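Chemist: just coords:
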């Protein structure tokens, strides 16, 4: 598991972002929709769904529209997020998806959109396998290593600190699922890009969804004016007619217990 201090910073970050999350989560909504759209091919009609890392409940809204009769349990470790998710789930629990307070073999579908990048994937998938019924299915989205590559390049012009999370390669996710006992693993990769007028607006949008860097290896202290101008100038090299791009390397994953 991640160090407890890091977990606490992540939780606090998402608690602070709860009020601004839905307004800023453009890519997060698109990814959630893509995850469900591709999952239609499975033919599953789940009676009980676990939304692992439910956030403000956007995924639950989509799941409810697709399967109106399903019982949906939302789990998130940021209580302020759960306050928003209550309207879309039958039950909401404040808990860590690496250690679920739920019975074994109790769900038909384990669903998680853009959450596991904050977690120990081995622990998460072992828990997913534990709470899924035999033959139950898993659907997840997460971020791959090319996510925010423009941002990393811009900050590399001033220091060697890590300014984004160390996102996982698809092969590492596949291996983690197999170790947890999943079969029929199907991983798909898509690129999503959002454009912003300037770097300050881009960074504010990232902060508004609680996704700014809270892990190990981050820079401590504020940047000086000269360093900030250098970061801006480097990022400007990526500008397109639509604005400054922020790239998301999205991995969609499906598997069966």
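Modeler: Structure's in. What do you need? If you're wondering where the values come from, they're calculated on a predicted model, not measured in any experiment.
Chemist: contacts and neighbour counts: CA atoms only from here.
Modeler: OK.
Chemist: what about the residue nearest the centre of the chain, distance to residue 85?
Modeler: Residue closest to the average C-alpha location in the chain (Cα atoms, centre = their mean): residue 114, at 1.7 Å. Remark: distance between residue 114 and residue 85 (Cα to Cα, to the nearest Å) = 16 Å.
Chemist: would you quantify the distance from the closest residue to residue 26 other than its chain neighbours to residue 121?
Modeler: In this structure, residue 26 finds its nearest non-sequential neighbour in residue 194, 8.0 Å apart by Cα to Cα, 6 or more residues apart in numbering. To residue 121, residue 194 is 27 Å away according to Cα to Cα.
Chemist: looking at the two, which has the bigger crowd around it?
Modeler: Counted by other Cα atoms under 10 Å, residue 194 and residue 121 do not tie: residue 121 has more neighbours, with 21 against 14.
Chemist: got the contact list for the residue nearest to the more buried one when sequence neighbours are not counted?
Modeler: Leaving aside its sequence neighbours, residue 121 sits nearest to residue 176 (Cα to Cα, 6+ apart; 6.6 Å). By Cα atoms under 8 Å, 6 or more residues apart in numbering, the contact list for residue 176 reads 121, 122, 125.
Chemist: touching, the first one and residue 174? I think so.
Modeler: Same thing as residue 121. No. Using Cα atoms under 8 Å, residue 121 is not in contact with residue 174; the gap is 10.2 Å.
Chemist: pLDDT weak spots in the stretch 1-150 of the chain?
Modeler: 1-25, 40-42 (pLDDT under 70).
Chemist: in it, which spans are helices?
Modeler: 4-24, 26-39, 58-66, 79-85, 121-131, 149-156 (DSSP state H, counting those that start in this stretch).
Chemist: how about those, which one is nearest residue 91?
Modeler: When the helices of the stretch 1-150 of the chain are compared for distance to residue 91 using Cα to Cα, the nearest one is helix 79-85, at 9.3 Å.
Chemist: got the buried residues for that closest one?
Modeler: By neighbour count on 16 or more other Cα atoms under 10 Å, the buried set for helix 79-85 is 79, 80, 81, 82, 84, 85.
Chemist: kindly report the same for stretch 229-247.
Modeler: Buried, per 16+ other Cα under 10 Å, within stretch 229-247: 231, 232, 234, 235, 236, 244, 245, 246, 247.
Chemist: ok, those residues vs residue 169, which is closest?
Modeler: residue 247 (15.7 Å).
Chemist: not counting its neighbours along the chain, what's nearest the closest one?
Modeler: Nearest one to residue 247, counting by Cα to Cα, 6+ apart, is residue 193 at 4.6 Å.
Chemist: my read: that neighbour touches residue 244, true?
Modeler: No. Using Cα under 8 Å, residue 193 makes no contact with residue 244, being 9.7 Å away.
Chemist: need the contact list for the nearest residue to residue 149 once chain neighbours are set aside.
Modeler: Leaving aside its chain neighbours, residue 149 sits nearest to residue 247 (6.9 Å; criterion: Cα to Cα, 6+ apart). Residues counted as contacts of residue 247 (Cα under 8 Å, 6+ apart) are 146, 147, 148, 149, 150, 191, 192, 193, 194.
Chemist: filter those down to just the ones in strands.
Modeler: Of the contacts of residue 247, the ones assigned to strands by DSSP state E are 191, 192, 193, 194.
Chemist: this completes my enquiry, with thanks.
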